[in-house]
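> heads up, no residue letters with this:
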């Protein structure tokens with residue numbers, strides 16, 4: 001049956017026209033036949049032929065109540081529009097409608113329990129409907145409702161009988177290509193009536209034998225990659241990944257000895273005819289560890305993925321020359337404004353404070369740049385010139401996360417402050433949101449923005465024909481006392497809003513680009529609105545829509561003018577989408593830089609940098625530095641006068657040294673990639689180290705290793721000892737050649753080695769060392 005002890009090799013969920021669901025799996029599917037075939041020594045196929053897909057009645061559309069003669073029909077995103085039953089109400093608006101006490105969203109209480117409401121309605125004369133705010137109604141009328149999640153239940157017809165079983169065949173083709181086993185799955189419907197739709201499917205590898213030392217590859221840097229390896233790097237490592245160049249919606253992971261990926265099917269609401277997966281699941285077994293697994297994925301992803309199609313950083317012509325020299329990021333106001341909204345984003349205040357910090361750090365003195373991510377540069381509903389004190393509405397707030405996408409006009413003095421910071425060598429980008437639309441601003445109704453809102457299916461079901469669409473509901477979010485709609489970027493409306501907003505930010509205000517929030521780390525990136533001209537439910541259209549938006553932005557600004565950042569180290573939104581990803585997981589192994597080093601930039605995760613300047617900030621920045629990230633992304637107001645306190649001069653000098661080291665080593669740290677972890681044999685535990693490999697087709701590979709002490713050592717300068725096998729760090733040393741070890745910054749020679757590199761040295765307080773390994 002195509003399975004192995006421990007679990008199925010595939011499973012799939014099918015839905016019917018009435019909304020029923022059925023799951024098949026390779027070990028349990030009831031099929032007419034099971035066929036194994038081989039084409040040659042490197043390919044084979046498994047086929048589950050004529051498998052039954054059976055559906056029960058749709059319980060979600062018609063759920064029997066406690067009264068056997070009554071059924072209920074659930075209407076999502078709706079309120080009942082019949083006549084409310086007349087009784088005294090204890091609702092928030094008063095009135096005379098019957099209401100369940102102690103519940104209801106409009107009373108700022110939990111939603112009413114559905115089963116309790118059914119019983120209440122059945123005991124009330126004339127009641128044929130109720131909503132989850134607790135009101136009872138007579139009549140079956142239903143009206144759309146989108147201000148917040150609300151359901152209406154009406155007394156409906158009995159549930160339909162279950163449909164007859166459908167028949168499908170599943171084929172899993174295997175092919176061995178360059179040592180990688182590719183698995184391609186196909187689903188065939190054998191019925192001409194279109195009785196089922198494929199909703200999602202899973203391909204698994206099970207069981208993977210583990211030990212107490214087994215580690216799992218699980219990283220946000222590559223979400224369609226997983227694997228397992230031994231912590232000490234000995235023994236076998238298992239690689240398992242989707243080689244999907246478009247990166248459709250999927251979830252990959254490990255559980256109970258199983259490696260698996262679950263994919264949302266494209267056009268999941270349409271009848272299944274033949275579904276051929278557009279990409280293979282790939283596995284192999286190799287000797288090595290996490291870096292070898294990451295290297296296999298890198299070898300596939302760089303020449304094949306849509307998000308790497310623009311090539312490496314050093315050959316791209318659309319990025320500013322100064323981008324590679326940004327060595328430190330700060331922001332204002334993130335996570336709350338310690339100085340109050342009147343000052344945190346005020347252009348004059350931002351300019352004065354940032355010029356002071358920039359002057360102390362003086363990064364341009366060695367070729368570096370300080371970059372600012374600016375929050376609340378816009379009016380956000382406050383009257384222009386009021387310094388965020390006069391809101392344009394009553395009953396709903398102004399300020400951060402409101403009034404999107406109305407970003408203009410900018411606060412008074414914004415343009416002049418940008419120019420002043422740029423003149424001092426800084427780079428400045430503003431915050432905007434890539435998905436939210438405040439439904440309370442007049443523009444939402446005037447533009448009919450609802451048509452472009454992301455929609456989710458209300459019930460997972462198949463669309464029989466265009467005249468019977470699958471019920472969908474808009475994606476609305478409720479926070480900060482407003483309701484915001486999540487917009488679909490595949491629509492022309494939102495495409496144009498985003499493009500025009502960024503163009504005005506760069507061309508008119510003079511910003512150095514823009515931060516567009518939530519494109520990467522937003523909510524579920526699917527949409528079921530058939531009018532949006534994209535695949536239904538599953539797909540890769542979200543990232544691809546931003547490829548299109550940002551391509552038009554780059555074409556609409558002067559050459560090499562802007563840099564563009566979004567939230568999350570989400571691989572598929574990089575490259576044609578965004579130059580910089582905010583959300584570097586610098587506390588884990590350097591997966592991002594091992595895979596994408598030389599192809600993109602990443603900086604610190606929001607809120608992850610927070611220690612005081614003299615009590616941990618330097619260590620946090622060093623850890624970012626050691627995984628290849630651009631340092632920083634911390635809120636400068638939180639540090640008040642720490643950067644100007646003479647007692648912190650050693651820390652300031654150290655940050656300058658880190659910045660200077662990144663500039664000196666950018667051929668490896670920016671245009672190369674992270675290698676395996678560097679063992680320092682440091683008995684104090686205070687030293688941090690890493691190595692970066694430069695591998696270019698026209699050059700001999702070389703490595704830079706860096707060792708740093710981000711604090712004062714209480715027992716004197718600590719000593720480290722290196723024992724490096726060159727091959728494990730990407731250096732293949734030919735016969736009769738050797739490795740030369742030098743100091744990258746001073747040129748001092750540290751030795752020549754025919755085999756392993758052994759080197760011992762000490763590091764002074766707040767010291768940074770760069771060691772260059774070349775083959776001669």
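Everything's here; your move. Everything quoted here is computed from the prediction, not taken from an experiment.

> Now stretch 704-721: average pLDDT?
The average pLDDT for stretch 704-721 rounds to 97.

> With stretch 742-757 instead?
Across stretch 742-757, pLDDT averages out at 96.

> pull the helix or strand with minimum mean pLDDT from this protein.
Per-element confidence for the chain was summarised using mean pLDDT, DSSP states H and E. The lowest value among helices and strands belongs to strand 62-64, with a mean of 37.

> Following it in sequence, what is the next regular element?
Reading on from strand 62-64 to the C-terminus, the next helix or strand found by DSSP states H and E is strand 71-76.

> So which other helices or strands are in contact with that next one?
Where contact means 3 or more C-beta pairs under 8 Å, 6 or more residues apart in numbering; DSSP states H and E, strand 71-76 is packed against strand 62-64, strand 151-156. C-beta coordinates here come from the backbone N, C-alpha and C atoms, glycine included.

> Paired strands for that strand, with orientation please.
The strands beside strand 71-76 in its sheet (DSSP bridges) come out as strand 62-64 (antiparallel), strand 151-156 (antiparallel).

> Assign a three-state SS to residue 262, would you?
strand (DSSP: H, G, I helix; E, B strand; the rest coil).

> In contact with the closest residue to it other than its chain neighbours, which residues?
Using C-beta to C-beta, 6 or more residues apart in numbering and skipping the chain neighbours, the partner closest in space to residue 262 is residue 202 (4.3 Å). For residue 202, the set of contacting residues under the criterion of C-beta atoms under 8 Å, 6 or more residues apart in numbering consists of 10, 11, 12, 260, 261, 262, 263.

> quick one: which of the residues you listed is nearest to residue 601?
Of all those, residue 261 has the smallest distance to residue 601: 27.4 Å, by C-beta to C-beta.

> Quick check: bridge partners of the closest one?
Applying DSSP bridges to residue 261 yields these beta-bridge partners: residue 203, residue 252.

> Quick check: of the contacts of residue 202, which has the highest neighbour count?
Each of these was scored for neighbours by other C-beta atoms under 10 Å, and residue 12 scores highest at 27 neighbours.

> and the closest residue in space to it that isn't next to it in sequence, what element?
Setting aside the residues directly before and after it, residue 12 is nearest to residue 201 in space (C-beta to C-beta, 6+ apart), at 4.1 Å. Residue 201 is part of strand 196-205 when elements are defined by DSSP H and E.

> One more: residue 514?
Per DSSP H and E, the secondary structure element for residue 514 is strand 513-517.

> right, and the helix or strand after that strand?
Next along the chain after strand 513-517, taking DSSP H and E as the criterion, comes helix 541-556.

> Poorly predicted segments of the stretch 151-300 of the chain, please.
When residues are selected by pLDDT under 70, those of the stretch 151-300 of the chain lie in 157-163, 191-194.

> Could I get the full set of helices for it?
Along the stretch 151-300 of the chain, counting by DSSP state H, counting those that start in this stretch, helices occupy 290-304.

> ok, now how distant is residue 259 from residue 201?
Distance, residue 259 to residue 201, by C-beta to C-beta, to the nearest Å: 15 Å.

> Could I get the full set of helices for the stretch 601-750 of the chain?
For the stretch 601-750 of the chain, the helices identified by DSSP H, counting those that start in this stretch occupy 617-626, 649-664, 666-669, in order along the chain.

> Which one of these lies nearest to residue 310?
Nearest to residue 310 among these is helix 666-669; the distance by C-beta to C-beta comes to 19.1 Å.

> got a list of contacts for the closest one?
Under the contact criterion C-beta under 8 Å, 6+ apart, helix 666-669 has outside partners 324, 325, 628, 662, 692, 693, 694, 702, 703, 704.
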